[in-house]
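>>> A predicted structure for the sequence below; I have some questions about it.
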Amino acid sequence: MVTACNDGYAQGYVECSQHVTSALKVDWDTNRPATRGVDTSADHAAAKEEYNHLRLPVMVLVTTALHSENFVDQLKEIFPGEADASDEEDLD
């Protein structure tokens with residue numbers, strides 16, 4: 001909410017406050033942000049669209065690895081040393 005408010009995304013602030021209200025079962029006061037009454041719906045929609053299509057290079061590598069027959073070996077190449085520690089724990 002702080003980010004939405006600071007960035008001027010009034011609609012983002014309102015949307016987030018609705019989630020907080022629902023999750024915490026409290027009424028969140030949306031009357032105080034500086035962006036109250038400012039129409040930022042286009043900017044907010046663009047930011048959400050960008051976020052929804054965010055691509056993380058490591059996730060592309062993981063997804064590709066999981067679709068191969070030797071996915072464990074490929075994952076070990078992507079995350080060297082990570083699998084070794086858990087493999088040792090499994091042996092204990």
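Thanks, I have the structure now. Nothing here was measured: the structure is a model prediction, and the numbers come from that model. Residues are numbered from 1 along each chain as shown.

>>> what packs against the longest helix seen in the chain?
As assigned by DSSP state H, the longest helix anywhere in the chain is helix 10-24. If you count contacts as 3 or more CB pairs under 8 Å, 6 or more residues apart in numbering; DSSP states H and E, helix 10-24 packs onto helix 2-6, helix 41-52. All C-beta atoms are positioned from the backbone trio N, CA, C, and that covers glycine.

>>> Pick out the shakiest of those, pLDDT-wise.
Among these, helix 2-6 carries the lowest mean pLDDT, at a mean of 57.

>>> Sticking with Ser68, tell me its helix or strand.
Using DSSP states H and E, Ser68 maps to neither a helix nor a strand.

>>> Phi first, then psi, for it.
Main-chain dihedrals, Ser68, degrees, to the nearest 10: phi -100, psi 160.

>>> Tell me, how many residues neighbour Phe79?
Applying other CB atoms under 10 Å, we find 14 residues neighbouring Phe79.

>>> Any idea which helix or strand in the chain has the lowest mean pLDDT?
helix 82-91 (a mean of 54; mean pLDDT, DSSP states H and E).

>>> returning to that earlier point: dump the longest helix of the chain to CSV, keeping only the CA atoms.
What follows is helix 10-24, C-alpha atoms only, in CSV (Å, rounded to 0.1, in the frame of the first residue of the first chain):
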residue,chain,number,x,y,z
ALA,A,10,-4.7,5.6,-6.3
GLN,A,11,-6.5,2.6,-7.8
GLY,A,12,-3.6,0.4,-6.6
TYR,A,13,-3.9,1.8,-3.1
VAL,A,14,-7.6,1.3,-3.0
GLU,A,15,-7.3,-2.3,-4.4
CYS,A,16,-4.6,-3.2,-1.9
SER,A,17,-6.6,-1.7,1.0
GLN,A,18,-9.5,-3.9,0.0
HIS,A,19,-7.3,-6.9,0.2
VAL,A,20,-6.1,-5.8,3.7
THR,A,21,-9.6,-5.2,4.8
SER,A,22,-10.7,-8.6,3.6
ALA,A,23,-7.7,-10.5,5.0
LEU,A,24,-7.4,-8.7,8.4
